[in-house]
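Novice: Just need the structure, nothing else, for what follows:
(one chain, ligands or ions: 1)
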Amino acid sequence: MSQNWNQERKKDEYYKKAKKQEYRSRASFKLLQLNRKFKIIKNGDSVVDLGAAPGGWSQIALELVGEDGLVVAVDLNRIKPFPDYDNFWSIKGDFTQEETLNEIERTLQGKTQVIISDAAPKLSGIKDLDQLRSIDLARCALKISDHILKYKGNLIIKVFQGEGYPELLKDIKKKFQTVKTTKPPSSKKKSGEMYIVGRGFRKEGR
Ligand SMILES: C[S@@+](CC[C@H](N)C(=O)[O-])C[C@H]1O[C@@H](n2cnc3c(N)ncnc32)[C@H](O)[C@@H]1O
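Specialist: Here you go, the predicted structure:
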C-alpha cells in the first residue's frame, strides 16, 4: 500500500472511530448504518456473514443478535475468534464452493434468518474484471440464500455496480418481498459499491 493511501486512511473519520471503539474494520459502521435504517438483524437471530474477515460486520452482528442468537462467519482468510462470545463460529473457506456451503449447513444445523455479504474479490486493478467478479460473488450469496435462508428472512449484499448489476437486482426482486439499494454514509463516495437489501424471503431455503 502507498504512503498516501496510509495517510488518507488515518485521516478517515470512520477509520478513527473504528480504532477508538475497537471495531476490527471501518466497515462495521456500514452494517450499523444499514441496520439502523432497514432493521435487518434482530435480537435472537442467526446470521451468516459471507466474506467476513477481519470480522467488523460479525462484531456488529454479534452485538445485535445478543446471547440468544448466533453468527457464522465465512472467509478465505482466517477470522480471529471473539473471546467474549461463545455464539460465534468461523469457517475458513471459499463460499463459492459446495463443500463450504455444506460446512455452513452443518454449523447452522438448520436455516438462518439473515445472510449478509460484504465479500469483495481480490482487486486485480482491472476495473471491469473486478466488477464482474463482484457480481459473481453476489450471485453466489444469492444462491446460498436458496439453500439456507428461512422464509421471511433478510439479506444484505454488497456489489460493485456495472455489467450484470441490473439483472442481479431483478433476480433478487423475484425472491424478496421488498428490495432496496443503498449506500450508507460510511461508504466512500468515490467507491462504486452499492448495498442491496432484500427483506422477506419469499420461500424457505431447500
Ligand atoms: C471488504 S472485506 C470484508 C470486510 C468485513 N465485512 C469486515 O467488516 O471486516 C471482503 C472479504 O471478502 C472475502 N472473500 C472474497 N471472495 C471470497 C470467497 N469466494 N469466499 C470467502 N470469502 C471471500 C475476502 O477474503 C475479504 O476478506
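Novice: Which residues does the closest residue to Ala53 other than its chain neighbours form beta bridges with?
Specialist: In space, and not counting its chain neighbours, Ala53 is closest to Asp75: 3.8 Å by Cβ to Cβ, 6 or more residues apart in numbering. Every residue, glycine included, has its C-beta placed from N, CA and C. In this entry, Asp75 is beta-bridged to Lys92, by DSSP bridges.
Novice: so what's Asp75 scoring on pLDDT?
Specialist: Per-residue pLDDT puts Asp75 at 98.
Novice: Return the residues in contact with it.
Specialist: Neighbour list for Asp75: Gly51, Ala52, Ala53, Ser90, Ile91, Lys92, Gly93 [criterion: Cβ atoms under 8 Å, 6 or more residues apart in numbering].
Novice: nearest spatial neighbour of the last one, skipping sequence neighbours?
Specialist: Spatial nearest neighbour of Gly93, chain neighbours left out: Thr100 (3.8 Å); criterion: Cβ to Cβ, 6+ apart.
Novice: what's around the one you found, how many residues?
Specialist: 19 (other Cβ atoms under 10 Å).
Novice: And for Lys158?
Specialist: The burial count for Lys158: 25, using other Cβ under 10 Å.
Novice: part of a strand, is it?
Specialist: Yes. Lys158 forms part of a strand when assessed by DSSP: H, G, I helix; E, B strand; the rest coil.
Novice: Name the SS class of Val114, please.
Specialist: Criterion first, three-state DSSP; result for Val114: strand.
Novice: and the most centrally placed residue in the chain, how far is that from the ligand?
Specialist: By Cα atoms, centre = their mean, the mean C-alpha position of the chain lies nearest to Ser117, the distance being 2.3 Å. Distance, Ser117 to the ligand, using Cβ to the nearest ligand atom, to the nearest Å: 8 Å.
Novice: in this protein, which helix or strand is least confident?
Specialist: Ranked by mean pLDDT, DSSP states H and E, the weakest helix or strand in the chain is helix 3-11, scoring a mean of 71.
Novice: Run through who's touching it.
Specialist: Around helix 3-11, the neighbours that count as contacts under Cβ under 8 Å, 6+ apart are Tyr15, Lys16.
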